[in-house]
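1. got a structure for you, letters missing:
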């Protein structure tokens, strides 16, 4: 009979908290290395966050963008534990979880980020976010349920409110979600709901600043704005949501928007686990300020990476909370741990920005790849290719491709199921 | 602006309750006919129940066997309403739902069946069933969560209990589920859980009678029994579960089986909606006793079909609760309604039994097709073909085929996600 506890070993024990892009990259980098690795996550699957908006709009099933962690990390020296981490004791070198404590020699914190409501409690209560698989299903259920309710509603005003979706936040997620919703409204919902005048349905994209896609060149920002407008999305810049209730949202200028579904994609902050590091200073959005080698001050054995980390010290501008940063940091940390076990110094992190890309509906995208701008169909093909390559696992790639081909040629969205009725 | 209420019409209004095999067959049969049709279901999707066990064992994603009802019934004279039916007023010709009342000229009740626990309350509380998409996900989550818990468990006895699944009921669902679980245990779980001795995991199939697959010829029953035994399933005949708690089940002879997951597939009874028909007599398993033309006595405008119906009067043996009965009855009722609108008499129902087929793991099945028995690989190919053909929608067929090919060639089960942790 095998032993279920982690075998006593003279090899250093590396604990990785989080099975996102950052944590998995570290685990892969340490596969077969002379260390014992334990990956801890609160889910037994990795979520491919960049495609959550397609789950939210009935284009993909949740399972197509989730992959079992045990399958990904499979290696003789890598173990997985399903647990929520509740604390870190930097002095005793232990992490505490809801499934017991674990001692470490090296610790990698890669627990990602959570939605930032900036203290707007009523909004946090009413709005759905888009960070987890469940969130995406909730958005889909809510939009579809509201249309079902509209089909039974006699008051025209209430009916229109039931067909209204408010998206808050004009970053990549908000823009992609708005585009996908506009396609759902144009191609799918009119056929599904012949009893409704779906052209009355509203999709609002509210952005507090004066532009969409902050990180993009100005020309791309305008392209995205015009494309969304042409698809019938009501883009409102300088619109700041201050309050929400069951029937809709209120803006800072007092404007009231009645809506059945509110999706908040206006901000992120580091996982609350950052606060568990009592010694570590926190920067903007609660991110842990780490050294150039991504360590907590005075703890060369503790690394913080990905969305949780503000790299290179307080005076350095933080990296965006995106997958390429997480993956590059994960690669460096795997290398650094191996170097440290050999008595060598860790190296400093330098981000190579591959750029960003955002799809806006069918055959259309804006992209900036290593500084070169792309728009339209070419950008869209680039986007497709990069996302298929990024996806983990042949099966998930095949499923996503089948879905995309199906969606493209039929103008359908097959996953319009309401799994949980309100 | 279109009217959202059902347009006043001189054409007869047919209400179909239930979007299972029976209800959808009626709706399809009335597509384009001179009647207005409203399909009511508590889900906005049709569930392909015969493949639920593959969802429960991580072989298929739930969405692959669910199809949006609005897509299926799409026709100018057919509407859908998402609602739970709470009552039927046969005198006033109205159905009451949680989304308002609906008047009908013809009513088709096809609300299916629910799990029958035969009054065993403790079992009903502890066990999972397998009738809905959510049930299948719950079984999957529970089996996988228990293995995760086993990986963290130090007591060998408790660890073994966490790796034990008890299936109650040796009908087709129990047999197929047992075979699929045995394959998961053999091919997938040992790789996922190198820290566990998965050969210690137990799968028990408990059947109260003295044989499996009651409806099959004796030779097939023996085949199924031997095949399951060879796969390491502990088949216990004459084993009657009388009690259950958090840690396992107790049998009528006092035997105690410690198990983390209990799945009850030992019986069905008609939807409780049968009780709403105050005038109608109920037969075994609470099924409504209907005439040879599938009508409630003295109500030629009310039909009951599928699992809810006991056809042909009390003295006729009831049809099995299977899809072919439901589909054939649905076809007849669509025809009968059209005949009645033309002043003609409805016809009597005669069941043409196409037989049954049950897979037992990879490349193996037992089948009886129009009286002809098949076993082994040929039966398995038959089973594959029939189920792909039965599935609704090209997209679902494509997804299921991709999954099956993937599962077959890689010995993998890709959907081993725990969506809801206990």
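-> Good, I have the coordinates. Because the structure is a prediction, the values reported are computed rather than measured. Numbers count the residues shown, from 1 in each chain, chains lettered A, B, ... in the order given.

2. residue A:135: what's it in contact with?
-> A:52, A:56, A:128-129 (Cβ atoms under 8 Å, 6 or more residues apart in numbering or on different chains). Quick note: C-beta positions are derived from backbone N, CA and C, even for glycine.

3. over to residue A:271?
-> Contacts of residue A:271 (Cβ under 8 Å, 6+ apart): A:18, A:111-114, A:307-308.

4. now for those: which two are most distant?
-> The largest separation in these, counting by Cβ to Cβ, is between A:18 and A:114 at 12.2 Å.

5. shaky segments in chain A?
-> Chain A contains residues with pLDDT under 70 at A:1-9, A:422.

6. skip the chain neighbours and tell me the closest residue to the residue of the stretch 151-300 of chain A found nearest chain B.
-> Closest to chain B within the stretch 151-300 of chain A is residue A:192: 4.3 Å, counting by Cβ to the nearest Cβ. Of all residues not flanking residue A:192 in the chain, residue B:70 sits nearest, at 4.3 Å (Cβ to Cβ, 6 or more residues apart in numbering or on different chains).

7. okay, buried residues for the helix or strand containing the one you found please.
-> Assigned by DSSP states H and E, residue B:70 belongs to helix B:69-73. Within helix B:69-73, the residues that count as buried by 16 or more other Cβ atoms under 10 Å in any protein chain shown are B:69-73.

8. so can I have a markdown table of the contacts of residue A:135 showing neighbour count and distance to residue B:178?
-> A markdown table is the format used below for the contacts of residue A:135 (neighbours: other Cβ atoms under 10 Å in any protein chain shown; distance: Cβ to Cβ, whole Å):
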| residue | neighbour count | distance to residue B:178 |
| --- | --- | --- |
| A:52 | 26 | 36 |
| A:56 | 28 | 37 |
| A:128 | 21 | 39 |
| A:129 | 22 | 40 |
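
9. surely residue A:256 touches residue A:250?
-> Yes. The criterion here is Cβ atoms under 8 Å, and residue A:256 meets it with residue A:250 at 5.5 Å.

10. more crowded one of those two?
-> Using other Cβ atoms under 10 Å in any protein chain shown as the criterion, residue A:256 and residue A:250 rank with residue A:250 on top: 16 against 10.

11. for that one, list the residues it contacts.
-> A:241-244, A:256-257.

12. which residues of the stretch 151-300 of chain A lie near chain B?
-> Contact residues (Cβ under 8 Å from any Cβ of the partner chain) of the stretch 151-300 of chain A with chain B: A:151-154, A:156, A:159, A:191-197, A:200.

13. ranges for the strands of the stretch 151-300 of chain A?
-> Here the stretch 151-300 of chain A has its strands, by DSSP state E, counting those that start in this stretch, at A:164-168, A:202-207, A:234-237, A:241-245, A:248-251, A:256-258, A:261-264, A:268-270, A:288-289, A:295-296, A:299-304.

14. most packed of those strands?
-> Compared across the strands of the stretch 151-300 of chain A, strand A:261-264 shows the largest average neighbour count, a mean of 26 (mean count of other Cβ atoms under 10 Å in any protein chain shown).

15. ok, now how distant is residue A:25 from residue A:318?
-> 19 Å (Cβ to Cβ, to the nearest Å).

16. and for residue A:261?
-> 31 Å.

17. turn the buried residues of helix B:69-73 into a markdown table, columns for distance to residue B:278.
-> Shown next, in a markdown table, are the buried residues of helix B:69-73 (distance: Cβ to Cβ, whole Å):
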| residue | distance to residue B:278 |
| --- | --- |
| B:69 | 28 |
| B:70 | 32 |
| B:71 | 35 |
| B:72 | 32 |
| B:73 | 29 |
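
18. of all those residues, which comes closest to chain A?
-> Nearest to chain A out of these is residue B:70 (Cβ to the nearest Cβ; 4.3 Å).

19. could you pull up the residues touching the closest one?
-> So residue B:70 contacts A:192-193, A:416, B:44, B:80 (Cβ under 8 Å, 6+ apart).

20. in those residues, find the pair that's most separated.
-> Largest pairwise distance in the contacts of residue B:70, by Cβ to Cβ, is 12.1 Å, between A:416 and B:80.
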